[in-house]
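Asks: here is my input, please return the structure:
(chains A and B)
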Amino acid sequence: MTEVREKEALPSIEPALPLENRSRRLAALAFVRGAALLPVIAVLLIIGSITSPVFFSISNLAGVGQQASALGMCVIGEALIIMIGGMDLSLEGTFGLAPMISAWLMVPVAAFGAGTLWGPVPGLLALLAVGVAVGLINGFMIVKFRLNGFIWTLAMTIILYGFQDGITTGQTLPDEPAAWSYLGSQYWGQIPVSLVFTVLVFIVVGLFLRYHRWGRDIYAVGGNPSAARAAGIRVDRIRIGVYVAGSVLAAIGGLMEAGRDLAVTSTQGYPEGIIFNVFAAAVIGGVSLKGGRGGMLGAALGVVLLALVQNVLDLGNVNNYWIDAIDGAVILFALIMARVIGGEAAAE
Amino acid sequence: MSAGPPVVEAIQISKRFASTQALLDVDTALLAGCCLGLVGRNGAGKSTLVSILCGLRAPDSGEVRFDGELAPPLADIGAWRQRISTVFQHSMTIPQLTVAENIFLGEQPGRRGFVNWRAMRAQTRRVLREWDFNVDPGVECGALTVEQRQIVEIAGALVRGTRILLLDEPTAALERDAVRRLFDRVRALVASGVAVLYISHHLEEVFEVCQDVLVLRDGEVVLTAPTSALTQDQLVGAMVGEIEAPVVTARSGSGGALRKVKVSSEELLVVSDIVAASQRGSLFGASLTVRAGERVGLTGLLGAGVATLGRAIVGTQSYESGSIIFDGKPLPPRRPAAALAAGVGYIPEDRWLEGFVGQLGIAENVTMSIAPHLASRLGFLTPSKRMAAARPLAKELSLVSRGLNQAVDELSGGNQQKVSVARALASEPKLIVAITPTRGVDVASKELLLAALAEITRATGASLLLASDEFADLQICDRVIVLVRGQVFTEFTEPPYEDEELIAATEGLLVTAGRD
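Replies: Presented below is the predicted three-dimensional model:
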């Protein structure tokens, strides 16, 4: 049967417009919503180019990209968790603790390591294992034990930071193997490896969300968990799986940050308060805190926007004491713009 | 009956949502001491008209007048509320507050913001006594029955001095006796000079309490007439127009009485001694069997456990003891995915809660239960593949939409229900468990839905367990089981089933030779 026949058979008060066209228009509309931040980003680019001649240099933009990559990994994870109707404040704790444990197991005692002197491969596996473990604990306690996710992950982020500080007595751990730091520190030509990696992850996760049934399940679970359950979706498994994926992505983000610094500092993660930027990027990018809405295009643009704001403020020699005030104001402005351009469902 | 201008009047109201003309040049008026029925199919514009009349939405053109004067601006909610109040299908009372607080919500008696509790309780008691409403003012609303909460809402309207009441599907969640008492209450209100707009899918109710009736179709008024001058058939004709005429014949062709029973002796579902606690009706040892190809009706009063039993079978309700054997194998409790995989399709009671994910598209919702089968081995699944799978079902159920990727939130109630039905059918189940599938669905869509269920079970040989408190729905069933207080009370095996027999049985009485 064809679309046309379906239309003829029905009493309809719609204006006659080919269905094919309409669905394409709907898809275009969804894209515009996802890309609602593009005008704001364009304005930032103009301001940046006025502010400083080096703004548009490749080295500056590559630096911005490298910096944004670590944040971007966390934003992907948080966006997925928000989309299933959850929240995870402890991603910043994992962002610090996972590379710290990994480094601690690799570097010599003289560099404040544990003395186990693991190689880069076991070290990376340890990093991923920390992500999986934290995600499983969070997922189990929030989903199965039904504890409040906000309070649980708030306490978790402090505990994780406590471990990060405790096992190294507040030291910075330098001298990780070059292979371990490769992702966060190296460039391919003039392009940072971490940027390439993060962009790829954004694309893969975006396609996964659209074309994989588990990806679609994430929207169903976030949109109406009871209906999803009635349709045979294993709601709890999807939720726990997303918590684990989020923590693993945050751990990889932490690896990038440590690679960029060529050390794991004791302040990486929780003391820097990156979770605010993580949530801000996701929500500005159209991921609804009510769950079930959002996508990777918007989240990526949210990351780009925050990174550009930071860079413009740095290049503009803004008084250090005022940077936070301006940073916060720009984020709120972006949120308002997202609502104005994206409509009702945006920036909730 | 009264002179002077109507208490509320809608003049040439039009309203458009995106590409849908919801209302077009609608004129209507309510008179003091009159009850006007408002009927129409799902999507005819009833809800839109109600929201405009009670000041929740502004019309694109046209105006609302109270006692001949132009309505206050939309922002002045207080002024609207003093003139007109709506009692919605879903209770708007706040469960944590007491009856008195709910009645005086927003305008508690007292001075400078301090609430005078004593005065509030006294006034509440006075209003409740004046109208002979039997509710304790100090009880929290969460502890009340549906009927009592409705009374609280009506009392709240009367306290504000409202003399215009809009009742939106007021009987949807009420038991039979409560419906009777509601009618008495409405008649008393009307006799005292209140104007009532009564919105309902149940035409017999409209004939019973309304003096006049207004019919909307596709956003336009197609009929306004005194109910005494109309027959039920004429009213249905006006609602449906000429388009849906074939539907009725489809129904009569597949009615229970005319069907050749092709039921095997094989027992597909064996439910034994289910004990379950539920706020909406506990079960105390309920048992039943459904044979392959059989259509079994399940009915009872609101708290009898009809929905609870259905939900236990599909895995959305836990139970303390008992067993459910499907197709020779036990179904694990609380595992909807397992029931689905075994071949049980589920049409939920509350479609907003369990029937669909509103922001997702039609095709996605319809194929949600079969996504694992549609997807490639690695789990990938394109939207076009979902569309292709959903299209035949959408056609079979005459689902009206702008395209299969339209969000289900944007559909009318009847079409939303079709999405939920299609989702259950998509998995080609051996047993369809439908819990009050026609609730909140208009007359014509109801017929269509039942005809579709009858046709699909006939064509595929699937069994049907139809839980419903609408006796008309049960006529397609080979057997009807009646639950009373969580246990099977009796069973009727000879369609057509007489309403009187069923009513008596649900009350726990056997008037005629109901039991074989």
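
Asks: contacting residues around the host helix or strand of A:Tyr182?
Replies: For A:Tyr182, the host element (DSSP states H and E) is helix A:178-185. Under the criterion CB atoms under 8 Å, 6 or more residues apart in numbering or on different chains, residues A:66, A:70, A:102-103, A:106, A:120-121, A:123-124, A:193-194, A:197, A:252, A:255-262 lie in contact with helix A:178-185. (C-beta placed from N, C-alpha, C; glycine too.)

Asks: for the record, mean pLDDT for the following helix or strand past that helix?
Replies: Downstream of helix A:178-185, the first helix or strand assigned by DSSP H and E is strand A:187-188. Averaged over strand A:187-188, pLDDT sits at 95.

Asks: try stretch B:350-359
Replies: 89.

Asks: against chain A, how distant is the residue in chain B sticking out farthest from the centre?
Replies: Distance to the chain centre peaks in chain B at B:Arg112, reaching 42.8 Å (criterion: CA atoms, centre = their mean). Using CB to the nearest CB, to the nearest Å, one gets 36 Å for the distance from B:Arg112 to chain A.

Asks: again, but for B:Phe207
Replies: 26 Å.

Asks: now do the same contact list for that residue.
Replies: Counting by CB under 8 Å, 6+ apart, B:Phe207 has contacts B:Thr227, B:Leu230, B:Gln232.

Asks: how would you label it: helix, strand or coil?
Replies: Three-state assignment for B:Phe207 (DSSP: H, G, I helix; E, B strand; the rest coil): helix.

Asks: and it, how far from B:Leu189?
Replies: Counting by CB to CB, to the nearest Å, the gap from B:Phe207 to B:Leu189 is 18 Å.

Asks: quick one, strands of chain A?
Replies: In chain A, the strands defined using DSSP state E lie at A:173-174, A:187-188, A:191-192, A:263-264.

Asks: quick check: which of those strands is nearest to B:Thr490?
Replies: Closest to B:Thr490 of the strands of chain A, according to CB to CB: strand A:263-264, at 73.9 Å.

Asks: just to revisit the earlier point, now the buried members of the contacts of B:Phe207.
Replies: Buried by 16 or more other CB atoms under 10 Å in any protein chain shown: B:Thr227, B:Leu230, out of the contacts of B:Phe207.

Asks: inside helices: which ones of the contacts of B:Phe207?
Replies: Counting by DSSP state H, these place B:Gln232 in helices.

Asks: including pLDDT, could the contacts of B:Phe207 go into JSON lines?
Replies: Listed next are the contacts of B:Phe207 as JSON lines, based on pLDDT from 0 to 100:
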{"residue": "B:Thr227", "pLDDT": "91"}
{"residue": "B:Leu230", "pLDDT": "88"}
{"residue": "B:Gln232", "pLDDT": "82"}
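
Asks: pick out whichever of the contacts of B:Phe207 sits closest to chain A.
Replies: B:Gln232 (22.3 Å; CB to the nearest CB).

Asks: now do the closest residue in space to that closest one that isn't next to it in sequence against B:Gln211, distance only.
Replies: The shortest distance from B:Gln232 to any non-neighbouring residue, by CB to CB, 6 or more residues apart in numbering or on different chains, is to B:Leu203 (5.5 Å). Here B:Leu203 is placed at a distance of 15 Å from B:Gln211 (CB to CB).

Asks: of those two, give the one with the bigger neighbour count.
Replies: Set B:Leu203 next to B:Gln211 and count neighbours by other CB atoms under 10 Å in any protein chain shown: B:Leu203 wins out with 19 against 16.

Asks: got phi/psi on the more buried one?
Replies: Here is the backbone geometry of B:Leu203 (degrees, to the nearest 10): phi -70, psi -30.

Asks: which residues touch it?
Replies: B:Val39, B:Gln232, B:Leu235, B:Val236, B:Val443.

Asks: hmm, which of these are the buried ones?
Replies: Taking 16+ other CB under 10 Å as the criterion, what is buried in the contacts of B:Leu203 is B:Val39, B:Leu235, B:Val236, B:Val443.

Asks: can you lay out the strands of chain A as JSON lines showing distance to chain B?
Replies: Formatted as JSON lines, these follow (distance: least, CB to the nearest CB, whole Å):
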{"stretch": "strand A:173-174", "distance to chain B": "39"}
{"stretch": "strand A:187-188", "distance to chain B": "29"}
{"stretch": "strand A:191-192", "distance to chain B": "29"}
{"stretch": "strand A:263-264", "distance to chain B": "36"}
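
Asks: next one: the residue nearest the centre of chain A from A:Gly259, what distance?
Replies: The centroid of chain A falls nearest to A:Val75 when counting by CA atoms, centre = their mean (1.0 Å). In this view, A:Val75 and A:Gly259 are 18 Å apart by CB to CB.

Asks: so which bits of the stretch 351-500 of chain B are right by chain A?
Replies: Residues of the stretch 351-500 of chain B lying close to chain A (CB under 8 Å from any CB of the partner chain) are B:353-360, B:364-365, B:368-369, B:371-372, B:374-375, B:378-383, B:391-392, B:394-395, B:398, B:400, B:402-403, B:405-406, B:423, B:427.

Asks: pull out the buried members of those.
Replies: Neighbour-count burial (16+ other CB under 10 Å) is assigned, among these, to B:354-360, B:364-365, B:368-369, B:371, B:374-375, B:379-381, B:383, B:391, B:394, B:398, B:400, B:402-403, B:405-406, B:423, B:427.

Asks: what comes up buried for the helix holding A:Tyr182?
Replies: A:Trp180, A:Ser181, A:Leu183, A:Gly184, A:Ser185.
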